[in-house]
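> sequence and predicted structure are below.
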Amino acid sequence: MQLRFPLRWPGRATTTHEALASRRIAELTASRRAIVAAYEVERRRIERDLHDGAQQRLVVGLMKLGEAQISPAVAADPALASLLSEAKAAIAGGLDSLRTTVRGIHPRVLTELGLAEALREAVDRADGSGRTVRVVCPHPLPTMPEGVLAAGYFFALEAMTNALKHAPGAKVTILLTVDRSLRVCVVDTGPGGARLRPGHGLVGMRERLAAFGGELLLSSPPGGPTQVAAHLPLLLARGESGIGPDSPDTDNTDNGDGGNNAERQEL
């Protein structure tokens with residue numbers, strides 16, 4: 001009795017498994033890019049609604065108050081003139097606050113000049129002295145989906161704000177690097193002791209990163225330093241380059257050893 005067995009090519013199953021794995025990775029990357037893109041679409045919608053709606057109404061209100069201030073009836077009533085002046089100052093302050101919020105929802109400099117320059121501009125607003133916080137980007141960053149840049153930007157700002165709040169007077173370094181992921185590491189020289197606690201800021205940051213495959217790493221021993229790092233997948237499709245050309249996202253200046261220390265300390 002002769003047994004017949006189907007011919008099996010040794011490489012065929014392996015090739016099939018590799019193709020399946022490759023397809024699944026591509027699908028996962030595409031789905032995460034879609035999530036990130038959806039965030040950005042919603043962010044732009046909110047920015048547009050605030051700019052074209054509430055902001056314009058406040059501008060019109062300021063104009064009306066200005067017209068009222070020059071009317072003869074107001075000129076003849078000092079108390080009313082003072083009241084209108086106070087109201088105008090309050091609305092102007094609210095308008096400035098709203099404009100800051102609109103810029104923060106989707107910073108145009110992030111799109112125009114890149115992540116490092118956008119962070120430097122934000123640092124200049126938060127730390128007018130320029131002595132407390134600095135941004136270090138030793139190598140050019142690759143082209144990435146806008147949502148990945150936005151996630152890195154807002155993570156860095158939130159981590160920086162936490163450091164300035166909980167470690168006043170400490171030096172803060174924001175380090176930007178890229179390998180298989182975008183790494184944003186915020187290091188402060190404060191007393192340490194930060195913990196991941198449910199319902200608090202760091203856990204919320206971790207959950208937002210996890211939405212599209214990112215992760216948060218924390219090191220904060222007693223006595224410091226505190227390092228909060230985000231690893232964000234580049235979400236590059238197969239064949240897309242992960243090597244960026246020379247760009248504004250580069251800081252090759254030597255500002256002492258702080259930048260080197262930050263690189264060595266990066267999680």
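Great, that's in hand.

> so what pLDDT did V178 get?
Here the pLDDT value assigned to V178 is 90.

> what helix or strand is the residue positioned nearest the centre of the chain on?
With distances taken as Cα atoms, centre = their mean, Y153 lies nearest the centre of the chain, 1.8 Å away. Y153 is part of helix 146-166 when elements are defined by DSSP states H and E.

> same question for R24.
Per DSSP H and E, the secondary structure element for R24 is helix 10-49.

> following that helix in sequence, what is the next regular element?
Going down the chain from helix 10-49, the next helix or strand is helix 55-69, by DSSP H and E.

> buried ones in that following helix?
55, 58, 61-62, 65 (16 or more other Cβ atoms under 10 Å). Bear in mind the C-beta positions are built from the backbone N, C-alpha and C, glycine included.

> turn the residues you listed into TSV, columns for pLDDT.
Below are the buried residues of helix 55-69 laid out as TSV (pLDDT from 0 to 100):
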residue	pLDDT
Q55	85
L58	88
G61	89
L62	89
L65	89
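
> chain center to the helix holding Y153, what's the gap?
Centre-to-centre, helix 146-166 and its host chain are 5 Å apart (Cα atoms, centre = their mean, to the nearest Å).

> in its sheet, what does whatever helix or strand comes next after that helix sit against?
Where DSSP H and E defines the elements, the next helix or strand beyond helix 146-166 is strand 172-178. Strand 172-178 sits in its sheet next to strand 133-136 (parallel), strand 181-188 (antiparallel), going by DSSP bridges.

> just the angle between the last one and helix 146-166, please?
Read that as strand 181-188. Going by axes from the mean of the first three to the mean of the last three Cα atoms, to 10 degrees, strand 181-188 is angled at 10 degrees with respect to helix 146-166.

> averaged pLDDT, strand 181-188. What do you get?
94.

> what comes into contact with it?
For strand 181-188, contacts defined as Cβ atoms under 8 Å, 6 or more residues apart in numbering pick out 141, 144, 148, 152, 155-156, 159-160, 163, 167, 170-177, 214, 224-234, 262, 265-267.

> ok, now with 6 Å
Under the criterion Cβ atoms under 6 Å, 6 or more residues apart in numbering, residues 152, 155-156, 159-160, 163, 167, 170, 172-175, 177, 225-233, 262, 265-266 lie in contact with strand 181-188.

> same deal with stretch 152-160?
Contacts for stretch 152-160 (Cβ under 6 Å, 6+ apart): 110, 115, 118-119, 122, 172, 174, 182, 184, 186, 228, 230, 232.

> and which of those residues is nearest A76?
A122 (47.3 Å; Cβ to Cβ).

> helix/strand/coil for the closest one?
helix (DSSP: H, G, I helix; E, B strand; the rest coil).

> what is the neighbour count of it?
24 (other Cβ atoms under 10 Å).

> with adjacent residues omitted, what lies nearest to it?
L157 (5.8 Å; Cβ to Cβ, 6 or more residues apart in numbering).

> so what pLDDT did the one you found get?
At L157, pLDDT is 92.
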